[in-house]
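Asks: Predicted structure and sequence below. I'll ask about it afterward.
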Amino acid sequence: PKGKMAFAGKYEFEGDENYDAFVQKIGLPSDKVEMGRNCKIVTEVVQNGNDFTWTQHFPGGRTTTNTFTVGQEADMETMGGKKFKATVKIEDGKLVADFPNYRHTAEICGGKLVEISTSSGVVYKRTSKKIA
């Protein structure tokens, strides 16, 4: 059924495409750019129906957590640490959120977490493999 997307689990960064072009486009500071390049981010997703807790564990112990309910406005944090409000929606089995300067989608595809961020025509794709 549509409402039963199995996002829950732990995923480890496997690869990405177009990282440099994308972070330039969104104006990420250069120290953050280096930190995020080929970064073995572990994404942990806890899902309870339409309630999600989405945590990214960065090497060195830094974490970012976004907690949201599909269809309701929530306080979120961007890649660069900016706080903003967004409403996450579900479209075609994907989670979709409009960040201040990019659109982010996440889906489970062949057991992998595939995240795509698009900013002014630049598409950044990050794939993570399930580890738990």
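Replies: Sure thing, it's come through.
Asks: All the helices of the protein, residue numbers only.
Replies: 19-26, 30-36 (DSSP state H).
Asks: Of those helices, which is nearest residue 108?
Replies: helix 19-26 (21.4 Å; C-beta to C-beta). No exception for glycine: its C-beta is placed from N, CA and C like everyone else's.
Asks: what helices or strands is that closest one leaning on?
Replies: helix 30-36, strand 112-119, strand 122-130 (3 or more C-beta pairs under 8 Å, 6 or more residues apart in numbering; DSSP states H and E).
Asks: Let's have these in TSV, adding distance to residue 62.
Replies: As requested, the helices and strands packed on helix 19-26 are exported to TSV (distance: least, C-beta to C-beta, whole Å):
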stretch	distance to residue 62
helix 30-36	9
strand 112-119	18
strand 122-130	17
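Asks: Out of the ones you listed, which gets nearest to residue 63?
Replies: That would be helix 30-36 among these, by C-beta to C-beta, at 13.6 Å.
Asks: what residue ranges in the chain are flagged as low confidence?
Replies: 1-5, 79-80 (pLDDT under 70).
Asks: Let me see the ranges of the strands in it.
Replies: 9-17, 42-48, 51-57, 63-69, 73-77, 83-87, 89-91, 94-98, 103-109, 112-119, 122-130 (DSSP state E).
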